[in-house]
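1. got a predicted structure here, sequence first:
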Amino acid sequence: MRKDISQFVKKVSLNGYSKIDGFLNYEEVKELENNTNTAFKKAKKNFYHTNTNFVKVLSVNEEQSEKIRYFKFLNQFFIDTNIKNFVDEYFKSTETEISKIFLAESSNNGTKVDVLPYKMHFDKTRYLKFMIYLKDVFAGDGGVTFAKAEWNTKLQKDLLMRESLKEENVVEVNNLDHIEEIMGPAGTAAVFDTNITHKAGQVLSNNKRLVLRIDTRIKI
């Protein structure tokens, strides 16, 4: 269905993240965009993880993708062997799962904020996530941002050993040379380990940000 992504496992293992150009082709993106917009229109309130004027997020598990008509287009990702093999190889385990898929639409709220998840941080609970752009993401469009591995590899290891960690841990990165914002046309993906320092992208332009996020982990 989509391009072979196995070559990116090593890069994510080394750096904590990787950009994948052309994860989806134009036809796949347009179909997903249309289905996502339909899901936002038809989804019941209990499926909304967030629902404000500027951020709307739907949360879907595998069972829901099998049974609910307007979520069925997401089942292809839950059963995708390309993704499954990537996750197994990354975690070096066959006991992995796609826990949930999130659909997120964001727009400019008129104010630049400096709060989580828009501050550089890492998560105590470890996931490997696939962030797929369903619309173009360029300057001001809310690209997900990562600290480069040479900056924070040792820091991560030291901090993750501490028992007093919060679920999300803010880390100050003051040098812009140490971070990378993932930008690209619709169909671009960012794959990342949540143990790497990262932040969500806030939309500051007049464009809407539309993403499909796949959360994977070792089964618990």
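-> Perfect, I can see it now.

2. all strands of this protein, in order?
-> 17-20, 48-51, 55-60, 96-106, 121-123, 128-133, 145-147, 168-170, 179-181, 189-193, 198-199, 209-218 (DSSP state E).

3. for the longest one, packing partners?
-> Based on contacts counted as 3 or more CB pairs under 8 Å, 6 or more residues apart in numbering; DSSP states H and E, the elements that strand 96-106 packs against are helix 26-42, strand 55-60, helix 75-78, helix 81-91, strand 209-218. Backbone N, C-alpha and C define where each C-beta goes, glycine included.

4. next, the angle from the fourth one to strand 96-106.
-> With axes from the mean of the first three to the mean of the last three CA atoms, to 10 degrees as the criterion, the two stretches helix 81-91 and strand 96-106 enclose an angle of 110 degrees.

5. and helix 81-91, how far out from the chain's middle?
-> 16 Å (CA atoms, centre = their mean, to the nearest Å).

6. quick check: angle from it to strand 128-133?
-> 140 degrees.

7. kindly report the same for the first one.
-> Relative orientation of helix 26-42 with respect to strand 128-133: 100 degrees, computed using the same axes, to 10 degrees.

8. I'd like the helices and strands packed on strand 96-106 laid out as CSV, including mean pLDDT, mean neighbour count and distance to Phe102.
-> Formatted as CSV, the helices and strands packed on strand 96-106 follow (pLDDT from 0 to 100; neighbours: other CB atoms under 10 Å; distance: least, CB to CB, whole Å):
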stretch, mean pLDDT, mean neighbour count, distance to Phe102
helix 26-42, 97, 15, 11
strand 55-60, 97, 19, 6
helix 75-78, 97, 18, 11
helix 81-91, 96, 17, 15
strand 209-218, 98, 21, 4
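
9. quick check: which ranges of the chain have low pLDDT?
-> Within the chain, the stretches with pLDDT under 70 are 1-2, 151-168.

10. closest to the centroid, which residue in it?
-> By CA atoms, centre = their mean, the mean C-alpha position of the chain lies nearest to Met131, the distance being 3.1 Å.

11. my guess is that residue contacts Ala190, does it?
-> Yes: contact between Met131 and Ala190 holds when scored by CB atoms under 8 Å: they sit 4.5 Å apart.

12. mutual contacts of those two, please.
-> Jointly contacting Met131 and Ala190 under the rule CB atoms under 8 Å, 6 or more residues apart in numbering are Val144, Ile182.

13. please consider this matter closed, and thank you.
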